[in-house]
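Enquirer: Have a look; sequence and predicted model below, questions after that.
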Amino acid sequence: MINAPAILLTVHLGIKSLLLHKLRSALTMLGIIFGVCSVIAMLAIGEGGSYEAQQAIKKLGSNNIIIRSIKPSESNVVGSSGRSRISDYGLTYSDAGRLQATLVGAQHVLPMRIIRDSVRFNRFVVPSQIIGTHPTYASITGLEIFRGRFLTQNDETHIDNVCVMTVSLANQLFPFQDALDEEVRVGMDYYRVVGLVREKSSMDKRPGASAPDSGRALDNNLYIPLSCARSRFGEILFRRSAGSFEAERVQLHQITVQMTDTDAIEPAVPDIEAMLRKFHTRKDYEVIVPLQLLRQAEQTKRIFNVVLGSIAAISLLVGGIGIMNIMLATVTERTREIGVRRALGARKKDIITQFLVETVVLSLGGGLIGVAVGVLVPMIVSYFADMKTIITFSSLALAFGISGLTGIIFGIYPARRAANLSPIEALRHE
């Protein structure tokens with residue numbers, strides 16, 4: 001039967017003993033404090049990084065298969081003269097048509113053409129990405145319509161010069177007026193603004209980004225009908241530099257295939273690759289499966305957390321060794337006290353309990369301070385490093401629980417050593 005008053009008395013004596021050596025007790029707790037703090041901080045930073053990676057992958061669409069044009073190391077030179085040449089590679093309109101007609105389980109096939117150019121309105125000029133695409137782009141990619149509307153099938157059919165721009169681009173071009181129904185100029189053509197949208201991610205955060213806009217934020221996008229992009233810009237994109245030019249003939253920069261459900265994704269990937277290999281003699285495309293990337297990210301997160309937790313656990317181990325070292329020294333200092341208590345009738349378990357209480361108080365006290373510091377550190381990292389951190393209750397409970405367990409494990413040996421002292425020899429100790 002548990003004797004509550006006796007336990008409380010033991011705890012009181014243990015705390016009183018520790019307070020007799022405040023500096024030594026505080027220094028002993030430092031190992032536990034830093035260990036608990038590092039466990040919480042590392043797991044929070046790892047969780048935040050993993051969360052951002054998974055969110056970026058999820059925004060690509062778990063039901064989507066993304067095919068992108070990539071420039072081979074040795075592109076097919078269609079024509080060359082001096083320092084000029086034309087490279088021909090990438091996805092075609094025929095590829096999109098074949099995927100739509102033959103791929104089992106395909107709900108939508110979304111082709112995209114991407115052109116880098118500047119968008120102008122009066123004296124304002126903003127470098128942007130002109131994206132020619134179909135009306136289904138908004139629903140497939142999860143665009144948020146802020147005002148107005150997105151592109152329609154009527155715009156696509158009639159090759160209308162209409163556009164939809166991101167809110168960021170609109171704020172730069174129209175700082176003093178409403179962008180809707182105004183006309184902006186791209187090259188020599190004018191486009192009427194029919195809608196404003198908000199992007200939810202950026203290409204530089206998307207795994208495997210290799211389109212011409214790779215590394216550029218999707219904050220300055222201008223969306224136009226694909227038929228309009230094909231008609232106004234043609235299929236050859238020119239890049240001039242230092243008296244020479246390089247032209248690229250790319251019909252489509254990306255095709256996104258939206259499947260009916262996730263079960264249809266993995267069986268469809270081999271069919272897509274087989275079809276592309278048949279009509280592409282070179283590897284001028286890449287197939288990205290967000291669902292597979294998401295699974296890999298989740299697996300990486302688990303491994304990352306184990307590695308970080310193991311590294312942080314070393315600090316707790318060092319803290320535990322520090323506690324054991326101090327308690328062994330304490331046993332030597334208090335040998336006569338132990339002998340007196342044994343002579344007055346204290347049992348071995350009473351001595352063990354007293355010393356275990358002291359080690360647990362040290363470790364739990366350090367654990368509480370470590371939890372407080374561990375919560376503060378990720379906040380500081382998020383503020384100064386602009387890095388997302390996520391503190392979970394499980395990480396707090398894990399770190400605090402391990403600190404208490406550390407006190408018990410590393411306190412058992414000193415406590416047993418104190419209890420096994422001979423009362424007679426202990427009384428003779430000077």
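Expert: That came in fine, so what should we check first?
Enquirer: What's the biggest helix in the protein, counting residues?
Expert: For the chain, the longest helix by residue count, based on DSSP state H, is helix 290-333.
Enquirer: what's that one packed up against?
Expert: For helix 290-333, the elements it packs on are helix 22-59, helix 265-279, helix 348-385, helix 393-419, judged by 3 or more C-beta pairs under 8 Å, 6 or more residues apart in numbering; DSSP states H and E. Backbone N, C-alpha and C define where each C-beta goes, glycine included.
Enquirer: Turn the ones you listed into TSV, including distance to D155, mean neighbour count and mean pLDDT.
Expert: Shown next, in TSV, are the helices and strands packed on helix 290-333 (distance: least, C-beta to C-beta, whole Å; neighbours: other C-beta atoms under 10 Å; pLDDT from 0 to 100):
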stretch	distance to D155	mean neighbour count	mean pLDDT
helix 22-59	25	20	80
helix 265-279	28	14	88
helix 348-385	42	20	86
helix 393-419	50	19	84
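Enquirer: Which among those helices is found nearest to I15?
Expert: helix 348-385 (5.9 Å; C-beta to C-beta).
Enquirer: Could you name the helices and strands sitting against that closest one?
Expert: Looks like helix 348-385 contacts helix 4-19, helix 22-59, helix 290-333, helix 335-343, helix 393-419 (3+ C-beta pairs under 8 Å, 6+ apart).
Enquirer: 6 Å - rerun?
Expert: helix 4-19, helix 22-59, helix 290-333, helix 393-419 (3 or more C-beta pairs under 6 Å, 6 or more residues apart in numbering; DSSP states H and E).
Enquirer: Run the angle between that helix and helix 393-419 for me.
Expert: 150 degrees (axes from the mean of the first three to the mean of the last three C-alpha atoms, to 10 degrees).
Enquirer: orientation of helix 348-385 relative to helix 335-343 in degrees?
Expert: Using the same axes, to 10 degrees: helix 348-385 against helix 335-343 is 130 degrees.
Enquirer: Quick one: work out the angle between helix 348-385 and helix 290-333.
Expert: Going by the same axes, to 10 degrees, helix 348-385 makes 140 degrees with helix 290-333.
Enquirer: list the contacts for F124?
Expert: Residues in contact with F124 (C-beta atoms under 6 Å, 6 or more residues apart in numbering) are L173.
Enquirer: Enumerate the beta-bridge partners assigned to it.
Expert: Beta bridges link F124 to F121 when assigned by DSSP bridges.
Enquirer: Any figure for the gap between it and Y191?
Expert: 15 Å (C-beta to C-beta, to the nearest Å).
Enquirer: I236 too?
Expert: Remark: distance between I236 and Y191 (C-beta to C-beta) = 21 Å.
Enquirer: who has more neighbours, those two?
Expert: Y191 (24 against 13; other C-beta atoms under 10 Å).
Enquirer: Help me confirm that that one comes into contact with D160.
Expert: No. Y191 lies out of contact with D160 (C-beta atoms under 6 Å); the separation is 8.9 Å.
Enquirer: circling back to that earlier point, and the helices and strands packed on helix 348-385: which comes nearest Y93?
Expert: helix 290-333 (23.9 Å).
Enquirer: element containing Q258, please.
Expert: strand 254-259 (DSSP states H and E).
Enquirer: what packs against that strand?
Expert: Using 3+ C-beta pairs under 6 Å, 6+ apart: strand 254-259 touches strand 64-69, strand 106-121.
Enquirer: Name the stretch among these that sits most buried.
Expert: Stretch with highest mean neighbour count among the helices and strands packed on strand 254-259: strand 64-69 (a mean of 23; mean count of other C-beta atoms under 10 Å).
Enquirer: Can you give the contact residues for that one?
Expert: Outside strand 64-69, the residues that reach it (C-beta under 6 Å, 6+ apart) are 90-91, 210-211, 250, 253-258, 285-290.
Enquirer: Spell out which strands sit alongside that strand in the sheet and which way each one runs.
Expert: strand 254-259 (antiparallel), strand 285-288 (antiparallel).
Enquirer: Just the C-alphas of the last one, formatted as PDB.
Expert: Same thing as strand 285-288. Listed next in PDB are the C-alpha coordinates belonging to strand 285-288 (Å, rounded to 0.1, in the frame of the first residue of the first chain):
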ATOM      1  CA  TYR A 285      10.200  15.100 -71.700                       C
ATOM      2  CA  GLU A 286       9.800  14.100 -68.100                       C
ATOM      3  CA  VAL A 287       6.900  12.500 -66.300                       C
ATOM      4  CA  ILE A 288       6.200  13.700 -62.700                       C
END
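Enquirer: I'd like the distance from that strand to the chain centre, please.
Expert: 22 Å (C-alpha atoms, centre = their mean, to the nearest Å).
Enquirer: next one: stretch 135-151
Expert: Going by C-alpha atoms, centre = their mean, where stretch 135-151 is centred and where its chain is centred differ by 25 Å.
Enquirer: got it, and stretch 416-428?
Expert: From the chain centre to the centre of stretch 416-428 is a distance of 57 Å (C-alpha atoms, centre = their mean).
Enquirer: ok, now stretch 354-368?
Expert: 36 Å.
Enquirer: And stretch 118-131, by the same measure?
Expert: That offset, for stretch 118-131, works out to 32 Å (C-alpha atoms, centre = their mean).
Enquirer: Start and end of it, how far apart?
Expert: 12 Å (C-alpha to C-alpha, to the nearest Å).
Enquirer: R185 versus Q107, what's the distance?
Expert: 36 Å.
Enquirer: Let me know the helix or strand that P175 is in.
Expert: Applying DSSP H and E, one finds P175 in no helix or strand.
Enquirer: Check it and give its pLDDT.
Expert: Confidence at P175, expressed as pLDDT, is 89.
Enquirer: Any figure for the gap between it and F121?
Expert: Distance from P175 to F121, by C-beta to C-beta: 10 Å.
Enquirer: Domains of this structure: list them as residue ranges, please.
Expert: 4-56+297-428, 64-260 (automatic domain parsing).
Enquirer: worst-scoring helix or strand of this structure, pLDDT-wise?
Expert: Ranked by mean pLDDT, DSSP states H and E, the weakest helix or strand in the chain is strand 76-81, scoring a mean of 51.
Enquirer: what's around I311, how many residues?
Expert: Number of residues near I311 (other C-beta under 10 Å) recorded here: 12.
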